[in-house]
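> What follows is a protein structure lacking sequence information:
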């Protein structure tokens, strides 16, 4: 099985009612503080929306996921 290691440092601007929610799983509606937590809890095929913050983490993707940055 192939694994993809992603080092993520993203800058996007977005707020949710004045409060930043760094990662939202659009498939389940769950929210997370880190991409790693969201990836570990995600199911194959889920879509993760990344919000307005900088992520400095090393994440291993072992299943197909979509990572979306907010274009605002």
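Arrived safely. None of these values were measured; they are calculated from a predicted model.
> Report how many residues lie close to residue 38.
Residue 38 sits with 24 neighbouring residues when counted by other CB atoms under 10 Å. The C-beta positions use only the backbone N, C-alpha and C, and glycine is treated the same way.
> Distance of residue 54 relative to residue 36?
Distance from residue 54 to residue 36, counting by CB to CB, to the nearest Å: 14 Å.
> Pick out whichever of those two has more residues nearby.
Here residue 54 and residue 36 are set side by side on neighbour count (other CB under 10 Å), and the busier one is residue 36, at 16 against 10.
> can I assume residue 26 is in contact with residue 50?
No - with contacts counted by CB atoms under 8 Å, residue 26 stays clear of residue 50, the gap being 10.9 Å.
> Between these two, which has more neighbouring residues?
Taking neighbours as other CB under 10 Å, residue 26 and residue 50 compare with residue 50 leading, 20 against 12.
> what bridges to the more buried one?
Bridge pairing for residue 50 (DSSP bridges) gives the partners residue 23, residue 69.
> how much space between it and residue 40?
Counting by CB to CB, the gap from residue 50 to residue 40 is 15 Å.
> list the residues that contact both of residue 26 and residue 50?
A shared contact of residue 26 and residue 50, defined by CB atoms under 8 Å, 6 or more residues apart in numbering, is any residue touching both; here these are residue 68.
> ranges for the strands of the protein?
Counting by DSSP state E, one finds strands in the chain at the ranges 4-8, 23-25, 31-32, 47-50, 57-61, 66-69.
> Tell me the helices and strands packed up against the third one.
If I follow you right, that is strand 31-32. Using 3 or more CB pairs under 8 Å, 6 or more residues apart in numbering; DSSP states H and E as the contact criterion, the secondary-structure elements in contact with strand 31-32 are strand 23-25.
> Can you name every helix or strand that the strand it packs on contacts?
The helices and strands touching strand 23-25, judged by 3+ CB pairs under 8 Å, 6+ apart, are strand 31-32, helix 35-41, strand 47-50.
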